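Participant: starting from these lines, generate the structure:
(one chain, ligands or ions: 2)
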Amino acid sequence: MRGLVMDGNGYHLESHEVLMRHPDPHSYYDAAQPKARRLRLKLGVDFATKRIDGEVVLEFGANATGTLDLDTKGLEILSVQVPGHGPIPWELGEADAILGSRLRLDLPADTQEVAITYRTSPDAMALQWLEPSQTEGKVAPYLFSQCQQIHARTMVPCQDTPVVRVAYKAEVTVPEGLTAVMSAGPAGDESTGDGRHTFRFTMPQPIPSYLLALAVGRLASRDLSPRARVWAEPETVEAAAWEFAEVEDMILKAEGLFGPYPWDRYDMLVLPPSFPYGGMENPRMTFLTPTLLAGDRSLVDVVAHELAHSWTGNLVTNASMEHFWLNEGFTVWAERKILRTLHGDDAAALGWAMGQKALEDSLERFAHEPNLTVLRLHLTGIDPDDAFSSIPYEKGARLVAALEREVGEDRFHRFLREYMDAFRFTSITTEQFCAFVDAKLPGALEAVHARSYLDEPGLPASAPQFHSAMLDTLTALADGWAAGERPSESQIAGWSTNELLVFLQKLPRKVTQADCAWLDAHFQLMGRGNHEILVEWLTLAAAADYEPAFPKLREVLLRVGRMKYLRPLYGALEATPRTRALAREIYAAASPGYHGLSRRVVQGMLDKFPA
Ligand code: BES
Ligand code: ZN
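Facilitator: Ligands and ions are numbered 1, 2, ... in the order given. Below you'll find the model as predicted:
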């Protein structure tokens with residue numbers, strides 16, 4: 001529990017002062033010290049050594065003096081200088097497995113800025129270096145970053161906490177022929193004359209460190225609207241442009257909810273398949289998994305989600321991972337609001353139903369860690385990647401929906417606008433959020449039992465439910481499965497992709513091999529381009545030890561590194577000695593291509609398999 005510490009004299013409460021000075025349990029940041037306001041980055045990307053040679057200048061925007069503690073992890077610090085003054089003393093602390101090493105600087109009087117040169121480690125968690133064979137084009141290497149939650153410190157020494165926000169400028173030098181993109185606006189590029197090319201970027205608005213982002217590869221782009229563009233490898237850029245063609249509509253809908261889009265451009269990058277998430281809301285450049293390219297626009301909810309983060313997350317930010325629900329819960333709620341205005345009530349109800357399934361799976365996964373099922377988390381000593389689940393997303397979205405139902409749509413809409421105005425470009429805690437709701441919507445928190453969402457495990461019985469006639473039909477059909485009930489040909493023919501998905505999700509987790517054959521024959525599941533359907537199907541098939549699905553299972557697990565898919569698939573393969581052997585064999589072949597985060601998750605699962 002945060003606030004409780006043990007030392008030689010036993011347990012006692014951390015003093016108020018300690019909590020005030022260290023508001024983020026995942027950072028060495030000290031609130032009594034100077035804050036960086038801007039970063040100037042120079043990054044040299046070296047694919048041969050899988051390292052970035054970096055220089056970062058931290059500008060304080062004021063005179064700074066004395067001790068400054070920064071976060072680093074696996075970084076080799078080469079020099080620390082204050083311009084006009086020269087080298088200054090620095091000290092790298094012991095490496096903590098979660099936090100990394102504190103870099104302590106001693107700033108001379110009246111320091112305006114400090115420059116640090118450093119090198120990243122080849123196994124920096126924020127960075128995945130891909131061989132050409134792991135890309136679509138197979139001819140050039142690729143690099144991408146993923147800094148959320150606390151991996152920015154493996155790429156740049158910084159105050160790696162969302163409590164601090166920085167504007168930034170960057171110069172990224174890459175091999176000629178490759179393109180660099182960042183979570184920032186482009187500011188020119190030129191050849192260096194020695195076979196390399198420098199790309200410049202500027203992000204004028206202050207962002208938390210977890211939104212720093214970089215990708216380098218063979219990239220092409222297509223404009224989707226005057227302010228939106230999609231980037232991908234040339235082989236997939238047309239498919240990507242088609243899949244996300246509706247993005248301007250989504251931006252307009254989101255603006256209707258939250259106010260004018262605050263980040264100027266909304267560009268997207270479709271990454272190689274090892275990208276460990278579905279999407280990442282890097283400002284001005286959302287990162288997306290290529291598994292969204294289903295060919296039928298059926299997975300654009302992820303784009304709606306990342307776009308909504310432009311407000312909920314990027315504009316109003318959680319103050320630490322203990323308040324992660326403020327980012328994700330609001331964003332899931334917004335994503336479904338956007339989908340409802342674009343595709344109607346039934347589509348939104350299906351979204352809530354899929355979320356319910358994810359929530360139930362996460363509550364089951366954390367059945368023995370109820371402390372990770374509350375919204376207001378206490379994470380001292382806990383790796384935020386280990387605390388990650390659908391709970392802040394879905395339980396959080398249900399709390400937001402409950403507040404909306406309590407006060408009515410119009411009043412809640414006005415509240416949201418005030419909330420965005422009051423906290424724009426700041427990072428806030430659950431307690432600040434609650435105080436604001438109390439001031440603007442008095443009594444609403446009590447009326448929806450907000451305390452039980454925030455501080456109690458599980459989902460409150462009073463949580464809002466979402467119904468539609470179609471959902472009820474699908475639920476009844478799936479409930480009848482074990483008793484031999486089957487959907488008719490004409491029912492099946494009328495189902496949308498997401499309706500089929502909800503049906504599959506509602507089936508019993510253990511079906512027979514004969515059931516698998518029936519499902520595949522009636523739904524042609526093996527050949528699905530929609531990965532949500534494909535993975536739901538393969539999860540059922542794996543748990544049933546259904547051999548005809550093994551080649552497809554192997555193919556998907558070898559190609560795709562998205563953790564949302566690896567978790568259920570490897571989990572289902574725990575079923576029998578034969579599927580466990582299959583899981584180990586596939587993992588041995590696939591893991592060199594997985595992101596470090598994905599490797600950690602799957603290795604942890606395989607370690608718990610029975611022998
Ligand atoms: N910000 C998250 C991704 C993330 C969370 C990265 C925690 C690292 C740590 C992103 O917005 C997200 O939630 N992505 C989801 C999309 C889905 C909820 C529509 C994903 O990746 O599946
Ligand atoms: Zn999100």
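Participant: need the contact list for the residue in the stretch 1-150 of the chain that ligand 2 sits nearest to.
Facilitator: The minimum distance from the stretch 1-150 of the chain to ligand 2, using CB to the ion, falls at residue 148 (9.0 Å). Glycine gets a C-beta too; all of them are placed from N, C-alpha and C. Contact analysis of residue 148 by CB atoms under 8 Å, 6 or more residues apart in numbering lists 210, 211, 280.
Participant: would you turn those into JSON lines with secondary structure, neighbour count and pLDDT?
Facilitator: Compiled in JSON lines, the contacts of residue 148 are given as follows (DSSP: H, G, I helix; E, B strand; the rest coil; neighbours: other CB atoms under 10 Å; pLDDT from 0 to 100):
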{"residue": "210", "secondary structure": "helix", "neighbour count": "25", "pLDDT": "98"}
{"residue": "211", "secondary structure": "helix", "neighbour count": "26", "pLDDT": "99"}
{"residue": "280", "secondary structure": "strand", "neighbour count": "25", "pLDDT": "99"}
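Participant: who's residue 145 bridged to?
Facilitator: residue 127 (DSSP bridges).
Participant: test my guess that it contacts residue 214.
Facilitator: Yes: contact criterion CB atoms under 8 Å: residue 145 and residue 214 qualify, at 4.7 Å.
Participant: which residues are common contacts for those two?
Facilitator: residue 155.
Participant: of the two, who's got more company?
Facilitator: residue 214 (28 against 25; other CB atoms under 10 Å).
Participant: how many residues are close by the residue of the chain found nearest ligand 1?
Facilitator: Of all residues in the chain, residue 278 sits closest to ligand 1, at 2.9 Å by CB to the nearest ligand atom. For residue 278, the neighbour count with other CB under 10 Å is 22.
Participant: what sits against it?
Facilitator: Taking CB under 8 Å, 6+ apart, one finds 288, 289, 291, 292, 302, 562, 564 in contact with residue 278.
Participant: mind redoing it with 7 Å?
Facilitator: By CB atoms under 7 Å, 6 or more residues apart in numbering, residue 278 lies in contact with 289, 302, 562, 564.
Participant: who's residue 69 bridged to?
Facilitator: With DSSP bridges as the rule, residue 69 is bridged to residue 104.
Participant: so residue 180, which state does it fall into?
Facilitator: strand (DSSP: H, G, I helix; E, B strand; the rest coil).
Participant: so it sits right up against residue 173, yeah?
Facilitator: No: between residue 180 and residue 173 there is no contact under CB atoms under 7 Å: 8.4 Å.
Participant: looking at those two, which has the bigger crowd around it?
Facilitator: residue 180 (24 against 19).
Participant: now render the contacts of residue 148 as CSV, adding distance to ligand 2.
Facilitator: Shown next, in CSV, are the contacts of residue 148 (distance: CB to the ion, whole Å):
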residue, distance to ligand 2
210, 12
211, 12
280, 8
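Participant: just those residues that are near ligand 1?
Facilitator: residue 280 (CB under 6 Å from any ligand atom).
Participant: and the strands in the stretch 301-450 of the chain?
Facilitator: In the stretch 301-450 of the chain, the segments counted as strands under DSSP state E, counting those that start in this stretch are 316-318, 426-428.
Participant: any chance of JSON lines for the contacts of residue 148, columns distance to residue 107?
Facilitator: Below are the contacts of residue 148 laid out as JSON lines (distance: CB to CB, whole Å):
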{"residue": "210", "distance to residue 107": "25"}
{"residue": "211", "distance to residue 107": "26"}
{"residue": "280", "distance to residue 107": "33"}
